[in-house]
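Q: Next come a sequence and a model predicted from it.
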Amino acid sequence: MTPQTQPQPRLTETIALVALLLFVAGRCLVPMDETDLFFNLRLGEIVLQTHRVPHANVLSFTFPDTQDINLAWLFQILLALAYRAQGIAGTVLLKTAFVVATFALLYRTALRRGAHPAAAAAALALSAWAAEPRFVERPHLVTFLGLAYLLLALARAEDGRPRALYALIALGPFWANANSCFLLAPALCALYAVGALADGRRADAWRAALVGAALVPFVFATPSGKSALRYVVNHWRMPSLRPLQEYRTARWPLDGPFFFVAAGVLVALALSGRPRRHLLPALALGLLGARRIRFVAEFALVSGPLVAVALTTIAARLGRRVPQGPRLATVAVTAACAGLALVPRLAAVRHGERFIDVGMEPGLVPEAAIRFVDDNGLRTRMYNDLEVGSYLAWQGWPGARVFQDPRINGYPASFHAILRRADLTRAEWQALLDHFDVTSALVTYPDVNPRAALFDPERWALVYRDGEALVFVRREPVFTARIARLEIPLTFEDAPASGVEPRALEVPPAASTLPRCEWQRRAGDVLVELRDDRRAADAYRAARAAPGCLAPTARAAAGLALGDAALRLSDPATAADAYAGLDDPRAHRNRGLALLALGKREEALAELEVALRAAPDDADARRAEAIARARLSGTPPPPR
């Protein structure tokens, strides 16, 4: 297994390639969990329908006239067409095709540079592991494929076959209009050229430099023109605009695969005779990836063939005493790649899951909350968090536009400066919402999102709540009826130590139109949820105190809830009184239990008999009836 030795058998190459691509495809054919897909889909559809690329932020109502620098419109069209053909599954399959093609080209590059097939498969599987977080349905897939093509074209040019490299000039405009990272192409050509000069390969250096120079004008050959450069520069400003996860620095052990690939590159650097034309692009992207993890994938891809050659060299030095070493290595790597791809799928099938699931990840967006918003006509001027904005833009446009979405460059820096603050007061938050005439709000991740605590209950009513989202409505006359029907007496406090804490509103806001008794009944329900049975019981008592205030069904619900709370508080007298008169099997059973605790055996037995007539399979009621009869007859109660 030494570089640049005799050709490998075609069967060995094919087996290793198939195993590698199985492994890579297995990393891609998973449920879609990339929310940025949705705004790319929407923009792709807009281009298809209007035959032009929007120059303004048409998806937003906050800044509809702000310039939208779109350097991915060609890929967005591909996404939209894939979605038209097969829905979400079509977009996942498109992503998989791009990634698999990328690794097929990288594999050919590694072999052309002299790597053994087993070493190429192993090194590129490591690259796939490091790049996997970026195997998502986004435009940078075009750059993955473009970089792989560039590496293979440079390798072919070294062998006197430069036509593929020159063809890159013709492909440049398409790449530049499909992903903003096209700038990496001329940059890597320049780095390769510098390294080739250092390696004494002047012809290769000048050829790469010529192609790189020819690609530079295409950076500006987009509908955004010279603004494309500002978009690229914003990659470095992004942490100061919004602290997004993909713009953080690499950290151990969180980004372990990156460090493993980096170690492989350093090993290649340490080996004597390593071509600097291959090392310089990898080292530069490594530094870039360490500063911004969104570039870790590009670093891993460019480094794969380099690490493959280094592994081949090391294996040759260590394995001279094992003549069957290359064959054993091929078997081991092939089995590992195929096993890592297939075993988890087979295990999923044994558990009743699909062998391949390419739908949408459950819980990716708060679908129930969004349906509620749509059903109640609350989308027109709705605040939304950044993460869900992409889905809302896709699902609601053009009828409803979004407050914000992840296209950071489509919003001014002053807007981001407010939204990234963690110290906003309720007054400052209200001023921001007033400025944009926001009338409703969808707040996601309610257990940890400090935005939940900024909605003043005197101005905002909470009308929907589940584990994924909250919906607030401004207290305006147009929403009065909906608020009265739906309001939940709850507010939130942001406690630094424990996160967002819900707090029951036992006193209604001044602007509330709900009758006091109905507010207290709903407050009791909230307090039960918060496990404060004593205050819940007080709220239910207050709700039932005013004769005729509660509607009959609401009064019955309050009585049942009061009785349940009283039982949990070991207060059978209050429970028996609360359940009295309620024609409900559970109320009869629980009242019987309360009366038993009070020593009223005849009344308890009568209640339990009524409960069993209505629900004869109620095991608790049947046992309680047996206990009541035993106590009346003076015999021991039956065993459990």
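A: Noted; the coordinates are in hand.

Q: Go through the helix of greatest length in the chain and flag the buried ones.
A: Secondary structure of the chain per DSSP state H: the longest helix is helix 73-112. Residues of helix 73-112 classed as buried under the neighbour-count rule (16 or more other Cβ atoms under 10 Å) are 73-83, 88-96, 98-112. Yep, even glycine has a C-beta here, placed from its N, CA and C like the rest.

Q: Over to stretch 483-503?
A: Ile483, Leu486, Glu487, Ile488, Pro489, Leu490, Thr491, Phe492, Asp494, Val500, Pro502.

Q: In space, what's closest to the fourth one - neighbours in sequence excluded?
A: By that I understand Ile488. Closest residue to Ile488 apart from its sequence neighbours, by Cβ to Cβ, 6 or more residues apart in numbering: Leu462 at 4.7 Å.

Q: if I read this right, that neighbour contacts Phe472, doesn't it?
A: Yes. Using Cβ atoms under 8 Å, Leu462 is in contact with Phe472, at 5.7 Å.

Q: In terms of packing, which of these two has more residues around it?
A: More crowded of Leu462 and Phe472, by other Cβ atoms under 10 Å: Phe472, with 28 against 25.

Q: ok but that one is inside a helix, no?
A: No. Counting by DSSP: H, G, I helix; E, B strand; the rest coil, Phe472 is not found in a helix; it is strand.

Q: My guess is it contacts Pro446. True?
A: No. The criterion here is Cβ under 8 Å, and Phe472 misses it with Pro446 at 10.9 Å.

Q: ok, back up a step: model confidence over the longest helix of the chain, on average?
A: The average pLDDT within helix 73-112 is 98.

Q: after that helix, next one along is what?
A: Later in the chain than helix 73-112, the nearest helix or strand by DSSP states H and E is helix 117-131.

Q: quick one: secondary structure of Gln395?
A: helix.

Q: Quick check: which helices or strands does the longest helix of the chain pack against?
A: helix 10-28, helix 36-50, helix 117-131, helix 140-158, helix 296-318 (3 or more Cβ pairs under 8 Å, 6 or more residues apart in numbering; DSSP states H and E).

Q: That helix relative to helix 140-158, how many degrees between them?
A: 40 degrees (axes from the mean of the first three to the mean of the last three Cα atoms, to 10 degrees).

Q: Now do the shared contacts for Leu462 and Phe472.
A: Among the neighbours of Leu462, those also in contact with Phe472 (Cβ atoms under 8 Å, 6 or more residues apart in numbering) are Phe455.

Q: measure stretch 127-145 end to end?
A: 14 Å (Cα to Cα, to the nearest Å).

Q: Determine how far the particular helix or strand that has the residue nearest to Ile488 in it lies from the middle of the whole chain.
A: If you go by DSSP H and E, Leu462 is part of strand 460-465. Strand 460-465 sits 25 Å away from the centroid of its parent chain (Cα atoms, centre = their mean, to the nearest Å).

Q: Can you list the helices and strands that that strand packs against?
A: Partner elements for strand 460-465 (3+ Cβ pairs under 8 Å, 6+ apart): helix 367-375, strand 469-474, helix 480-486, strand 490-495.
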